[in-house]
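Q: Turn this into a model:
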Amino acid sequence: MSVTHHGELVLAGVPWERVKPTDKGIEMPIILGHLVTGKQQDRRGYTYIKVGIGYVPPAAPPKSFAGVSGGGLWVVPTVVNSEGELDLNGTPVLAGVAFRQFQRGGVVKSIRCHGPQDIYGIARDTIAAKMKEREIWTPS
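A: Now for the predicted structure:
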């Protein structure tokens with residue numbers, strides 16, 4: 001599955017800079033970001049997806065994506081309607097998990113994610129094997 005040819009890329013996560021203490025606890029808003037580019041690279045048995053961050057208004061991404069690690073990279077299937085606008089064309093699919101940000105000149109330019117082969121292949125197979133061996137963490 002190539003994530004760059006099946007729809008729009010959306011990153012969902014909770015950046016620490018947007019977490020706020022309140023009288024009732026902690027407010028942790030999930031942000032959704034429409035990503036401008038996606039490039040897939042296979043390296044050492046893993047699939048990495050590098051996604052670009054857009055800063056053109058009305059985009060208002062966080063200054064840092066710290067805390068977004070573990071957040072989902074989603075492919076949102078779309079079609080162009082007769083007015084030239086994008087319409088949803090199916091169910092969004094989890095296609096990656098964010099784990100690293102890259103900065104240039106103090107500005108986050110891209111985020112690296114593990115790709116679908118890592119989630120639905122490597123991670124799933126490892127979890128299944130560890131469950132069989134009873135070598136997975138369980139709460140006490």
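Q: CA atoms for contacts and neighbours, from now on please.
A: Will do.
Q: What pLDDT is listed against the closest residue in space to residue 9 that isn't next to it in sequence?
A: Counting by C-alpha to C-alpha, 6 or more residues apart in numbering, residue 9 lies nearest to residue 75, which is 4.9 Å off, once chain neighbours are set aside. If you check residue 75, the pLDDT there is 90.
Q: quick one: the strand or helix carrying residue 75 to chain centroid distance?
A: Taking DSSP states H and E as the criterion, residue 75 maps to strand 72-76. The chain centroid and the centroid of strand 72-76 are separated by 6 Å under C-alpha atoms, centre = their mean, to the nearest Å.
Q: my guess is residue 95 contacts residue 116, does it?
A: Yes. Counting by C-alpha atoms under 8 Å, residue 95 touches residue 116, with 4.8 Å between them.
Q: what's next to the longest strand anywhere in the chain, contact-wise?
A: Scanning the chain for the strand with the most residues, using DSSP state E, yields strand 93-104. Residues from elsewhere that reach strand 93-104 (C-alpha atoms under 8 Å, 6 or more residues apart in numbering): 3, 49, 65-66, 68-76, 108-116, 119.
Q: Could you do stretch 123-133 as well?
A: Residues outside stretch 123-133 that contact it (C-alpha under 8 Å, 6+ apart): residue 136.
Q: Same question for stretch 18-34.
A: Against stretch 18-34 from outside (C-alpha under 8 Å, 6+ apart): 8-15, 61-62.
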